[in-house]
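>>> missing the sequence, but the structure's below:
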């Protein structure tokens, strides 16, 4: 690991001078600051916010980095993480990744301001995660795979869940099945879509590109995507939404046009957020083990901090939940 002494040596200055330059203290010339910053860049030096340059201090804190702290999907995940951290005498910092590489969340990773991190946020780049993870700073990712021995992958079997949702519609007699997707850069969305395609192929139903409509995992995205399907004036007989929030947005769009669910069209979601049971009609969906994923992730962080060997990848099963938003044809 590069220290401030290495930077000072490369720049040809005293350690105190290098420290002034790196911390923006106005005690050195602009030319010296430029020389120190150049040396730091060449050596890939990273400041450590809470630790000395020679030895990183433990913080007894775990970071949970999420793309959105307000989404209903995240509440059970946070609960699972929080209960395990608290029972082990650790604090939890939950932070949003809004701002990407310039976010506070990214700083926590780059400067090792916590003892480990759990990440469910596509806008924290793979490069940043790969560069940050090491033996004394383990990272668990929930939405991708990364080639680094200190990055552990906790995945939900999204592909199987997508397959079961689509197969259920097919077995109910549906032949024209639309897919309302999440963001194109989402690993979870891609896995669910592959499950959808696989089910269509197995039952010899042709995939129609017009029936794949982009959403963004939000209620508003589902509403807009459903309005686009309605505007085509050739509705499919069913829709598989890649998450429940978009399905609930779809229910609103259908209600505005007096299109009845499930009498006129059947819909299925994914996640089983709490609200899905209480909308009208109650939403048939695929349940994710949200609490379990959070709990397992923290347990793995603690095992790695204790020097124990853990597997690289963990795959959790989904569960199909039948309610009232699908009818038999």
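Received, thanks. Everything numeric in this text was worked out from a predicted model, so none of it was measured.
>>> how much space is there between residue 259 and residue 265?
Distance of residue 259 to residue 265, computed by CB to CB, to the nearest Å: 6 Å. To be clear about C-beta, it is placed using only N, CA and C from the backbone, and glycine gets the same treatment.
>>> what touches both of the two?
Common contacts of residue 259 and residue 265 (CB atoms under 8 Å, 6 or more residues apart in numbering): residue 235.
>>> Please identify which of the two sits among more neighbours.
Each of residue 259 and residue 265 has its neighbours counted (other CB atoms under 10 Å); residue 265 has more, 24 against 16.
>>> how close does that one sit to residue 181?
18 Å.
>>> Leaving out sequence neighbours, find the closest residue to residue 246.
residue 222 (2.7 Å; CB to CB, 6 or more residues apart in numbering).
>>> One more: residue 109?
Of all residues not flanking residue 109 in the chain, residue 132 sits nearest, at 4.2 Å (CB to CB, 6+ apart).
>>> Run a quick neighbour tally on the one you found.
Using other CB under 10 Å, residue 132 has 22 other residues around it.
>>> Was I right to think it contacts residue 113?
No. With contact defined as CB atoms under 8 Å, residue 132 does not reach residue 113; the gap is 10.8 Å.
>>> what's the burial count for residue 41?
Neighbour count of residue 41, defined by other CB under 10 Å: 10.
>>> In contact with it: list those residues for me.
So residue 41 contacts nothing (CB under 8 Å, 6+ apart).
>>> What strand or helix carries it?
helix 30-42 (DSSP states H and E).
>>> Flag every buried residue along that helix.
By 16 or more other CB atoms under 10 Å, the buried positions in helix 30-42 come out as 32-33, 35-37, 39-40.
>>> just the helices in this protein please.
Using DSSP state H, the helices found in the chain span residues 4-11, 15-22, 30-42, 74-87, 104-110, 126-132, 158-171, 187-202, 219-231, 244-256, 290-305.
>>> Present these as JSON lines; the columns should include distance to residue 281 and mean pLDDT.
Shown next, in JSON lines, are these (distance: least, CB to CB, whole Å; pLDDT from 0 to 100):
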{"stretch": "helix 4-11", "distance to residue 281": "62", "mean pLDDT": "86"}
{"stretch": "helix 15-22", "distance to residue 281": "60", "mean pLDDT": "77"}
{"stretch": "helix 30-42", "distance to residue 281": "58", "mean pLDDT": "83"}
{"stretch": "helix 74-87", "distance to residue 281": "23", "mean pLDDT": "92"}
{"stretch": "helix 104-110", "distance to residue 281": "38", "mean pLDDT": "81"}
{"stretch": "helix 126-132", "distance to residue 281": "40", "mean pLDDT": "88"}
{"stretch": "helix 158-171", "distance to residue 281": "15", "mean pLDDT": "98"}
{"stretch": "helix 187-202", "distance to residue 281": "22", "mean pLDDT": "96"}
{"stretch": "helix 219-231", "distance to residue 281": "15", "mean pLDDT": "96"}
{"stretch": "helix 244-256", "distance to residue 281": "8", "mean pLDDT": "97"}
{"stretch": "helix 290-305", "distance to residue 281": "23", "mean pLDDT": "95"}
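>>> who wins for proximity to residue 148 among those?
helix 126-132 (4.9 Å; CB to CB).
>>> Pull the contacting residues for the one residue sitting closest to the centre of the chain.
Centroid-nearest residue in the chain: residue 120, 2.7 Å away (criterion: CA atoms, centre = their mean). Contacts for residue 120 (CB under 8 Å, 6+ apart) come out as 65-67, 74, 77, 141-143.
>>> nearest residue to residue 64 other than its sequence neighbours?
In space, residue 64 is closest to residue 94, 4.5 Å off (CB to CB, 6+ apart).
>>> surely that neighbour meets residue 69?
Yes. The pair residue 94 / residue 69 is scored as a contact, 6.3 Å apart, by CB under 8 Å.
>>> Roughly how far does the residue nearest to the centre of the chain sit from residue 139?
12 Å.
>>> Kindly tell me how buried residue 90 is, as a neighbour count.
Neighbours of residue 90 (other CB under 10 Å): 21.
>>> And it, what's its pLDDT?
Residue 90 is assigned 94 on the pLDDT scale.
>>> Which residues are in contact with it?
60-62, 115.
>>> Max pairwise distance over the residues you listed: which two?
Largest pairwise distance in the contacts of residue 90, by CB to CB, is 8.7 Å, between 60 and 62.
>>> Please identify every residue contacting each of these two.
Going by CB under 8 Å, 6+ apart, residues that sit against residue 60 and also against residue 62 are 90-91, 115.
>>> from the residues you listed, which ones fall inside strands?
Using DSSP state E, residue 91 are the members of the shared contacts of residue 60 and residue 62 that sit in strands.
>>> Alright, that wraps it up for me.
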